[in-house]
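1. After the sequence you'll find the predicted model.
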Amino acid sequence: MPAAPPAIDRPLLQARLRAGADELGLALTPAQNERLIDYLDLLVRWNAVYNLTAVRDPAEMVTRHLLDSLAIAPLVRGATLVDLGTGAGLPGIPLAILAPERKVTLADSNGKKTRFLREAVRVLGLANARVEQARVEDLQGQYDCITARAFAALGDILTWGGHLLAPDGVCVAMKGVIDEEELRGLPSAFRIEKIVALAVPGLGAARHAVIIRRCR
């Protein structure tokens, strides 16, 4: 375990998370709030050594990581989810904490990041989450929902990982400013159902979720 940086201000971060979740219309239980801050605490400590994210300030992590991830929760569907290129577990771990009944696969090819993910799953007691260290194109199975945040262009996400999407499944790809050329680059087997503007509390930047399904 990496040496711990100075302790986080848990009450401050919990209050910030609770207020942001309320703005998103999400009723976090006290246990979910606690576990999300436990995850953030673990991320802060590992980040001091392993550089898992460029965001260093814990309060900024609440906004840019936790609330940003939770903003897509109403768009996620089904009993199974795979988070492609999950990195430090975003949005997969917050979504797994929010919906313990959903089986969540955290997929990344980077060994440093998957070591952290396995430790996070263990420490947080996430019985509904598992970690896969593999390239997206080598993953197996089918999922009701695919998520991807700051991972790749839409066409690449579906070229590499489209085989993972169940026939009636939904892909929720998180993007900043929408690139019209990128939208036109989808493989022919897939279609954009809609684009949802996300209002992430405290984040002064454009965020969107691109909802993609298989063509019928």
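-> Looks like it arrived, so ask away. Numbers count the residues shown, from 1 in each chain.

2. all helices of this structure, in order?
-> 10-24, 30-50, 58-61, 68-70, 92-98, 111-124, 154-161, 180-183 (DSSP state H).

3. What is the first one packed up against?
-> For helix 10-24, the packing partners by 3 or more C-beta pairs under 8 Å, 6 or more residues apart in numbering; DSSP states H and E come out as helix 30-50, helix 58-61, helix 68-70. Every residue, glycine included, has its C-beta placed from N, CA and C.

4. how does it look with 7 Å?
-> Helix 10-24 is packed against helix 30-50, helix 58-61, with contacts defined by 3 or more C-beta pairs under 7 Å, 6 or more residues apart in numbering; DSSP states H and E.

5. Okay, residue 39 and residue 79: tell me how far apart.
-> Between residue 39 and residue 79 the computed distance is 22 Å (C-beta to C-beta, to the nearest Å).

6. which one of these two has more residues nearby?
-> Counted by other C-beta atoms under 10 Å, residue 39 and residue 79 do not tie: residue 39 has more neighbours, with 24 against 11.

7. Which pLDDT value does the model give that one?
-> On pLDDT, residue 39 comes in at 98.

8. Ok, which of the helices and strands packed on helix 10-24 comes nearest residue 165?
-> Comparison of the helices and strands packed on helix 10-24 against residue 165 by C-beta to C-beta identifies helix 30-50 as nearest, at 26.6 Å.

9. Which neighbouring elements make contact with the closest one?
-> Checked by 3+ C-beta pairs under 7 Å, 6+ apart, helix 30-50 has helix 10-24, helix 58-61, helix 92-98, helix 111-124 packed alongside it.

10. Now do the buried residues in stretch 62-78.
-> Buried residues in stretch 62-78, counting neighbours by 16 or more other C-beta atoms under 10 Å, are found at 62-73, 75-76.

11. Show me what residue 165 bridges to in the sheet.
-> Taking DSSP bridges, one obtains residue 143 as the residues bridged to residue 165.

12. Tell me if I'm right that it and residue 147 touch.
-> No: distance between residue 165 and residue 147: 11.2 Å, which falls outside the contact criterion (C-beta atoms under 7 Å).

13. neighbour count winner among those two?
-> Neighbour count, other C-beta under 10 Å: between residue 165 and residue 147, residue 147 has more, with 28 against 22.

14. per-residue confidence at that one?
-> Predicted confidence (pLDDT) at residue 147: the value is 98.
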